[in-house]
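> Prediction below, plus the sequence it came from.
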Amino acid sequence: PAPRPRRRPLAIGLSVLAAAIAVGALAVPWFRQASAGRTPSDIRAWYERGTHYMEEHQTEAEVNEAIRLFTRAVGKEPGFAEAQAALGNAWWERYRLTHKNLYKEEAQRAVEAALKLSPDLPLAHNAAGYGLLVEGDADRARDEFLEATRGDASLASAWANLGQACARLGRYDEGLEAIRTAIRLRPDKFRYQVSLGVFFERFSEYKSARNAYRKAIDLKPDSWIAWSNLGAVDLRSGNFEAAVPSLLRAAEIEETADVHSNLGTAYYYLGKLPEAVEHYRRAVELDPGKSVAWANLGDALREVGNDSEARDAYSKAIPLARAAAEKEPALPVPHARLGLYCARAGESECALAEASRLEELDGATADTYLNAAVIYCVAGRREAAFGALEKAARLGIARARIEKDPDLSSLAGDPRFERILALAG
């Protein structure tokens, strides 16, 4: 039989976004005497140690340790507003990592306690803004971060968070200056270089993103986040060979589903399908709740002729993606994934609805429009595909990613396709 055209993996896993690196207690403020006649030295030690974990954390275990320490501090002195704010921020981070509603409730409770104790506390507004950013409300998050920076212009984490909120809102100049302010305040911290890289990557400035991730690695050579993001930006820019060693280094430091999923994608684009399947399988083992890994596994299995298992993988991806899209209705990425998965599974009504929704949402990126173009192609909507693909090209999608996407091959030969390739450069 004639060979089937190879499908691209459904999505390159996201770089580890600033949500993972935006902590609300990077600066260790002095705090009020806990209570008359009681030394605060032990409370301060717990607070400062928890702050250290949040400054350096790269895993959920480190976040959990910070929560334990902040909880001890507020347990001994409930009126310690800074620790309440730091605790709320840490719970928000744990919620971001797990999406368990219990952690969201704990975060809200701690932030509310901090604001009740000290309504103008910058750390509390920073933590409140971080929760809003995690929930997808970048506009209100920006307001909170601005309030935090007005209250304490030296709070580097609030500036970095402000930069990410502005990125989601398309406020380029304001966002870039905010992150650069964080770097000027704390040039020794790798996290703010990662934040800068994520910012540039969002606007398809891949060379600048790569430079920022390299600087992060110089500051912290064992940061799996920086290595992972460096590999991811190479994938996005079409430099698949270069992505592999960075991602392998990330996996050596910390095995995560995202790292293995991106490794699978790199090998997929390089035509090394057995390796792609191996890494996609490892990704779903590490995190069975990650829709993109299941969907990419489905694509790779289909290419090696395992159609039955591929259908099973797609069937696992769609409900996970639908739940994510319902949970974060204002964010483009969950809708892009759901639309792609529905298109792959032949659910055209779902696919087209999500593609249409994508183009209406604020904060659409080059990747968003590329995904919409693929959805339209799979669904046979050629004109809509050209429209979305041109938007992706104008926003900086890499030419190699268009050329290597077999779902877009039906557009080849049309003068509009050649013009779009020229735009992508």
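Thanks, I have the structure now. Everything numeric here is computed off the predicted structure, so don't read it as measured data.

> show me where pLDDT drops low in the stretch 201-350 of the chain?
Along the stretch 201-350 of the chain, no part satisfies pLDDT under 70.

> got the residue ranges for the strands in it?
Counting by DSSP state E, counting those that start in this stretch, one finds no strands in the stretch 201-350 of the chain.

> mind listing what residue 324 touches?
Counting by C-beta atoms under 8 Å, 6 or more residues apart in numbering, residue 324 touches 291, 334, 337-338. Every residue, glycine included, has its C-beta placed from N, CA and C.

> And residue 92, by the same measure?
Under the criterion of C-beta under 8 Å, 6+ apart, the contact partners of residue 92 comprise 103-104, 107, 111, 127, 130-131, 134.

> if you look at the residues you listed, which of them are in helices?
Taking DSSP state H, the ones among the contacts of residue 92 that sit in helices are 103-104, 107, 111, 127, 130-131, 134.

> Wasn't residue 153 part of a helix?
No - counting by DSSP: H, G, I helix; E, B strand; the rest coil, residue 153 is not part of a helix but coil.

> What is the neighbour count of residue 254?
Around residue 254 there are 15 other residues, counting by other C-beta atoms under 10 Å.

> Ok, the one 5 residues further on next?
Burial of residue 259 is recorded as 30 neighbouring residues (other C-beta under 10 Å).

> and it, what does it touch?
Residue 259 makes contact with 13, 224, 228, 231, 247, 250-251 under the criterion C-beta under 8 Å, 6+ apart.

> wait, which of the contacts of residue 324 is closest to residue 183?
Nearest to residue 183 among the contacts of residue 324, counting by C-beta to C-beta, is residue 334 at 30.1 Å.

> need the contact list for the closest one.
Taking C-beta under 8 Å, 6+ apart as the criterion, residue 334 is in contact with 321, 324-325, 327-328.

> What is the neighbour count of residue 278?
Around residue 278 sit 16 other residues, with neighbours defined as other C-beta under 10 Å.

> tell me the contacts of the residue nearest to it when sequence neighbours are not counted?
Spatially, and ignoring its direct neighbours in sequence, residue 278 is nearest to residue 264 (7.6 Å; C-beta to C-beta, 6 or more residues apart in numbering). By C-beta under 8 Å, 6+ apart, the residues touching residue 264 are 9, 275-280, 283, 293, 296-297, 300.

> Please identify the helix or strand for residue 150.
Residue 150 belongs to helix 138-151 when assigned by DSSP states H and E.

> which secondary structure elements does the helix or strand following that helix contact?
Heading C-terminal from helix 138-151, the first helix or strand you meet, by DSSP H and E, is helix 156-169. For helix 156-169, the packing partners by 3 or more C-beta pairs under 8 Å, 6 or more residues apart in numbering; DSSP states H and E come out as helix 122-134, helix 138-151, helix 172-185, helix 190-202.

> Nearest to residue 287, out of those?
For residue 287, the closest of the helices and strands packed on helix 156-169 is helix 122-134, at 18.0 Å, according to C-beta to C-beta.

> if we can go back for a sec, by neighbour count, which of the ones in helices among the contacts of residue 92 wins?
The most crowded member of these, judged by other C-beta under 10 Å, is residue 127 (34 neighbours).

> before we move on, the earlier item: which pair in the contacts of residue 259 spans the largest distance?
Between any two of the contacts of residue 259, the greatest separation by C-beta to C-beta is 13.3 Å, found for 13 and 224.

> Tell me which of the two has more neighbours.
Taking other C-beta under 10 Å, residue 13 and residue 224 do not tie; residue 13 has more neighbours (26 against 22).

> quick check: longest helix of the chain.
Criterion DSSP H: the longest helix present in the chain is helix 307-327.

> And that one, what's buried?
Across helix 307-327, burial judged by 16 or more other C-beta atoms under 10 Å covers 310, 313-314, 316-318, 320-322, 324-325.

> Dump those to JSON lines, plus distance to residue 344.
Formatted as JSON lines, those follow (distance: C-beta to C-beta, whole Å):
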{"residue": "310", "distance to residue 344": "9"}
{"residue": "313", "distance to residue 344": "10"}
{"residue": "314", "distance to residue 344": "6"}
{"residue": "316", "distance to residue 344": "12"}
{"residue": "317", "distance to residue 344": "8"}
{"residue": "318", "distance to residue 344": "9"}
{"residue": "320", "distance to residue 344": "14"}
{"residue": "321", "distance to residue 344": "11"}
{"residue": "322", "distance to residue 344": "14"}
{"residue": "324", "distance to residue 344": "16"}
{"residue": "325", "distance to residue 344": "16"}
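
> on that earlier part again, of the contacts of residue 264, which pair is most distant in space?
Comparing every pair within the contacts of residue 264 by C-beta to C-beta identifies 275 and 293 as the most remote, at 15.0 Å.

> And the contacts of residue 264, which of them are buried?
Buried members of the contacts of residue 264, scored by 16+ other C-beta under 10 Å, are 9, 275-280, 283, 293, 296-297, 300.

> Sort out which one of these lies nearest residue 162 for me.
Closest approach to residue 162 among the buried ones among the contacts of residue 264 (C-beta to C-beta): residue 293, at 31.6 Å.

> Now do the contacts for the closest one.
Residue 293 makes contact with 13, 257, 260-261, 264, 280, 283-284, 287, according to C-beta under 8 Å, 6+ apart.

> ok, of those residues, which one's closest to residue 70?
Distance to residue 70, by C-beta to C-beta, is smallest for residue 287 among the contacts of residue 293, at 26.3 Å.

> Skip the chain neighbours and tell me the closest residue to the closest one.
Sequence neighbours aside, residue 257 is the residue nearest to residue 287 in space, at 3.6 Å (criterion: C-beta to C-beta, 6+ apart).

> And for the one you found, the neighbour number?
Using other C-beta under 10 Å, residue 257 has 20 other residues around it.

> ok, now residue 120?
Look at residue 120: counted by other C-beta under 10 Å, it has 12 neighbours.

> from memory it sits against residue 151, does it?
Yes - in this structure, residue 120 is within contact of residue 151 by C-beta atoms under 8 Å, at 5.9 Å.

> quick one: common contacting residues for the two?
What both residue 120 and residue 151 touch, as defined by C-beta under 8 Å, 6+ apart, is an empty set.
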